[in-house]
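Undergrad: prediction below, plus the sequence it came from.
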Amino acid sequence: MKLDNIVQLGSLISVAVAQEYLDTTTSNDEYTNSTTISNLTNITRSQVNTFQQNLDDLTPFCKMDKNQVLGPNCDVTITEINTINQNIRKDLVGLVNTDFFKYFKFDPFKKCTIWENNDGICFSRSCAIDMVEDWDSLPEYWQPEILGSLNNNSLNDNIPKDHQDSSFLDQLCDNKEKDKYNEQLPKVGRNSEENSDEYDINYYDIDDFASEDAGLVDLTANPERFTGYGGQQAGQIWKSIYAENCFDSSDNETEKCLAKDAFYRIVSGLHASIGTHLSNDHLNTETGEWGPNLDLFMMRVGNYPDRVSNIYFNYAIVAKALWKIKPYLKELDFCNDYDNDVKSKILNIVSQLDSKIFNEDVMFKGEVDHSLKDDFRRRFKNVTKIMDCVHCDRCKLWGKVQTTGYATSLKILFELDETNKSSRQRIVNKLTKFELISLVNTFNRLSTSVEAINNFEKMYHERENGLNNNGVASFFNNNFFKLLSKAKETICDTFNVSTTDNDSCNDKRNVNDREQTSSKVKNSKSPKFVDLKIPKKSKETFQNGIKMSNKKGFRNTIKEAWDMELHNYMQAIRFIWRSYFDLPRNLWRLFISRAAKLWNSFIGFAGYVNEEDENPIVYDLDFH
Ligand SMILES: Cc1cc2nc3c(=O)[nH]c(=O)nc-3n(C[C@H](O)[C@H](O)[C@H](O)COP(=O)(O)OP(=O)(O)OC[C@H]3O[C@@H](n4cnc5c(N)ncnc54)[C@H](O)[C@@H]3O)c2cc1C
């Protein structure tokens with residue numbers, strides 16, 4: 001480790017120590033305290049505030065109030081969602097493993113239209129995907145001729161371009177439902193509103209499924225998990241996604257705030273859900289096994305209760321969309337005996353859902369908000385397009401599945417007016433099978449996240465209990481590791497591009513979020529050392545999500561770092577000192593060797609002195 005890194009680490013630890021001091025002091029003079037920190041570390045007041053904010057954020061998710069409703073438009077609590085999830089989990093897992101729901105149409109080569117020069121590729125095997133090549137193994141309704149026939153324009157003159165692939169009621173093998181659907185349509189196009197190309201009700205890019213290069217991918221054979229993708233490119237993608245949350249000024253500030261708030265929570269929930277999956281299905285490079293990694297989860301998600309809450313928020317959104325199409329799901333006709341239980345699984349799942357889980361009616365009310373809704377739709381569509389710029393194919397695939405799933409949910413929630421027949425025809429009857437597949441798979445991703453969060457909570461408490469049984473030692477250990485983890489987190493945030501902080505639109509949502517989080521933290525702050533319950537960090541550590549080995553990597557303790565630096569320093573001093581000491585002897589040997597050579601050549605006798613016979617001086621350097 002370089003000396004200046006140590007110095008920086010030391011400074012940041014000082015901040016953490018100073019923060020600990022602030023936590024325990026009774027003084028309310030915030031300015032004086034911050035100035036003290038500034039003097040300690042020569043950093044600016046704004047940096048202090050950022051550090052302070054980061055430290056405030058580090059409330060483990062276990063301390064969240066799980067019986068509070070999720071937000072103004074969600075009349076449901078975390079505890080209630082946990083119960084729903086337990087009830088539907090088995091059916092949902094079964095559903096996404098059926099032949100109908102496990103295939104997704106995907107074009108890994110789709111051009112990134114967001115920015116130029118998006119060359120780059122992730123060479124890791126974990127980033128790769130296996131497209132379906134053995135078509136014979138697929139069920140009848142996935143055969144190319146069936147898929148092709150659904151795209152055949154001559155058969156589907158009445159069906160608009162975005163829905164030629166399939167409609168909700170012509171799901172699988174034959175055309176009988178499609179005929180029914182065609183009969184429902186007026187002979188010449190749709191009504192003027194529907195017929196207009198400008199009126200696009202989709203929240204994703206419909207070209208995704210129209211591309212000739214798109215192929216089928218078996219999602220179960222390409223699970224979403226840790227791939228090692230990260231760094232600047234992934235950071236740029238997230239930054240662009242959050243930057244979409246810049247809404248134009250609207251007459252109706254309250255509605256705008258709700259829309260902006262929802263947009264932020266959706267993308268942050270997606271981000272946190274991905275972070276949960278990659279921590280839950282993480283590769284242990286020492287054992288070669290995949291499994292949950294609590295430390296990584298805490299670093300990415302668990303230490304930020306608002307991120308956990310946003311996963312639950314997204315769960316509520318997708319669940320409500322499924323609830324809203326419940327009457328139509330009953331009409332699904334899976335023609336293959338093989339898939340008979342698919343329908344019963346879907347119906348079991350939706351029967352557990354409740355309309356109060358999310359109230360979409362409070363957003364985009366009336367004509368005033370029409371343009372706000374258009375803006376929202378356009379921005380979310382951009383998010384789905386940004387996925388084309390992701391360099392890791394596996395991440396891109398799951399990014400597409402999930403953003404399409406959210407887009408489908410938003411279309412159902414905000415465009416479907418159940419009281420209006422034409423709206424029903426326009427939205428529900430024309431849902432494509434890929435929209436349905438992405439909707440169900442996204443719901444399963446969120447359900448997996450919720451299950452993982454509960455498992456991580458158990459692991460957290462098990463670790464905590466293990467430490468508490470160790471008495472005094474754990475007291476000191478724990479407190480020491482707590483300071484270290486705070487300092488480490490501060491370092492990460494200093495070096496990382498903070499998407500939320502850099503958001504050019506000065507996102508009020510984030511400020512509110514943070515204020516809420518800090519106030520929660522402050523309210524929950526009671527006895528000293530309440531954070532003693534933070535589990536001991538393992539000595540493993542991560543850089544860009546990659547575990548560093550204990551020998552060569554970043555050391556997780558100050559003592560080890562200090563010992564290593566001291567060792568290297570002593571080695572360097574010893575080397576310099578020894579080379580001064582050996583100089584006269586080396587000069588003498590050089591002189592003798594050259595003189596012998598000259599004398600031998602003078603008397604015509606070569607090779608008298610063999611320099612290699614001499615004991616060489618070995619400088620054995622042992623730097624770490
Ligand atoms: C579309 C997409 C899909 C991906 N899929 C995978 C995958 O399947 N497997 C895999 O291993 N990696 C995946 N990644 C990479 C992964 O999301 C991270 O980008 C990567 O692990 C590097 O993480 P990081 O700690 O540097 O911060 P990042 O996760 O890149 O985050 C950047 C910054 O955003 C802020 N932030 C982080 N989380 C949130 C949140 N929930 N809400 C608000 N702000 C937040 C933080 O300030 C953070 O520093 C994917 C990335 C993208 C863009």
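TA: Thanks, I have it. Since the structure is predicted, the reported quantities are computational estimates derived from the model, not experimental observations.
Undergrad: within range of the ligand, give me the residues from the stretch 151-300 of the chain.
TA: Within the stretch 151-300 of the chain, the positions near the ligand by CB under 6 Å from any ligand atom are 224, 226-227, 229-230, 234-235, 237-238, 268, 271-272, 274-275, 278. All C-beta atoms are positioned from the backbone trio N, CA, C, and that covers glycine.
Undergrad: now, which of these sits nearest W398?
TA: Within these, proximity to W398 (CB to CB) peaks at E224, which comes in at 4.1 Å.
Undergrad: ok, the closest one - contacts?
TA: E224 sits next to 274, 277-278, 281, 394, 398, 445 when contact means CB atoms under 8 Å, 6 or more residues apart in numbering.
Undergrad: if we use 7 Å, what do you get?
TA: Taking CB atoms under 7 Å, 6 or more residues apart in numbering, we find E224 in contact with 277, 398, 445.
Undergrad: helix/strand/coil for it?
TA: Under DSSP: H, G, I helix; E, B strand; the rest coil, E224 falls in the coil class.
Undergrad: return the backbone torsion pair for it.
TA: phi -80, psi 120 (degrees, to the nearest 10).
Undergrad: distance of it from I576?
TA: In this view, E224 and I576 are 54 Å apart by CB to CB, to the nearest Å.
Undergrad: can you check V301 too?
TA: For V301 relative to I576 (CB to CB), the value is 49 Å.
Undergrad: more neighbours: which of the two?
TA: V301 (26 against 10; other CB atoms under 10 Å).
Undergrad: hmm, the more buried one is touching T276, no?
TA: Yes. Between V301 and T276 there is a contact at 5.5 Å, judged by CB atoms under 7 Å.
Undergrad: what about the helix or strand harbouring N455 and the ligand, any contact?
TA: Using DSSP states H and E, the element containing N455 is helix 433-468. No. Residues of helix 433-468 are not located near the ligand by CB under 6 Å from any ligand atom, the shortest gap being 10.3 Å.
Undergrad: re the thing from before, just give me the least confident of the residues of the stretch 151-300 of the chain next to the ligand.
TA: For those, the weakest pLDDT value sits at G230, with 90.
Undergrad: neighbours of that residue, just the number please.
TA: Burial of G230 is recorded as 18 neighbouring residues (other CB under 10 Å).
Undergrad: could you measure from R89 over to the ligand?
TA: R89 sits 21 Å away from the ligand, going by CB to the nearest ligand atom, to the nearest Å.
Undergrad: list phi and psi for that residue.
TA: Torsion angles, degrees, to the nearest 10, at R89: phi -50, psi -50.
Undergrad: what about it, how many residues nearby?
TA: Neighbours of R89 under the rule other CB under 10 Å: 16.
Undergrad: for it, what are its contacts?
TA: R89 sits in contact with 447, 451, where contact means CB under 7 Å, 6+ apart.
Undergrad: helices and strands of the chain: which one has the lowest mean pLDDT?
TA: Lowest on mean pLDDT, DSSP states H and E among the helices and strands of the chain sits helix 30-41, with a mean of 29.
Undergrad: what about the closest residue to S126 other than its chain neighbours, is that helix, strand or coil?
TA: Nearest non-adjacent residue to S126, counting by CB to CB, 6 or more residues apart in numbering: T227, 4.1 Å away. Classification of T227 by three-state DSSP places it in coil.
Undergrad: now swap in the one 10 residues further on and tell me
TA: Classification of I237 by three-state DSSP places it in helix.
Undergrad: neighbours around it, how many?
TA: So I237, with other CB under 10 Å, has 23 neighbours.
Undergrad: all helices of the stretch 101-250 of the chain, in order?
TA: All helices of the stretch 101-250 of the chain, identified by DSSP state H, counting those that start in this stretch, fall at 144-150, 176-184, 192-195, 231-243.
Undergrad: longest helix of this structure?
TA: Counting by DSSP state H, the longest helix found in the chain is helix 558-603.
Undergrad: which helices and strands does it pack with?
TA: Packing partners of helix 558-603 (3 or more CB pairs under 7 Å, 6 or more residues apart in numbering; DSSP states H and E): helix 3-24.
Undergrad: average model confidence for the helix it packs on?
TA: Per-residue scores along helix 3-24 average to 37.
Undergrad: check stretch 293-307 too.
TA: Model confidence over stretch 293-307, given as mean pLDDT, is 94.
Undergrad: could you pull out the strands in the stretch 51-200 of the chain for me?
TA: Secondary structure of the stretch 51-200 of the chain by DSSP state E, counting those that start in this stretch: the strands cover 69-71, 74-77, 103-106.
Undergrad: with mean pLDDT and distance to the ligand added, can I get the ones you listed in TSV?
TA: Converted to TSV, these look like this (pLDDT from 0 to 100; distance: least, CB to the nearest ligand atom, whole Å):
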stretch	mean pLDDT	distance to the ligand
strand 69-71	87	15
strand 74-77	90	18
strand 103-106	91	14
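Undergrad: low pLDDT regions in the stretch 51-200 of the chain?
TA: For the stretch 51-200 of the chain, applying pLDDT under 70 flags the ranges 51-59, 139-199.
Undergrad: report the closest residue of it relative to the ligand.
TA: Here the stretch 51-200 of the chain gets closest to the ligand at one residue, S126, 7.5 Å apart by CB to the nearest ligand atom.
Undergrad: ok, now which ones touch that residue?
TA: 226-228, 394.
Undergrad: ok, 10 Å please
TA: Counting by CB atoms under 10 Å, 6 or more residues apart in numbering, S126 touches 225-229, 283, 392, 394-395.
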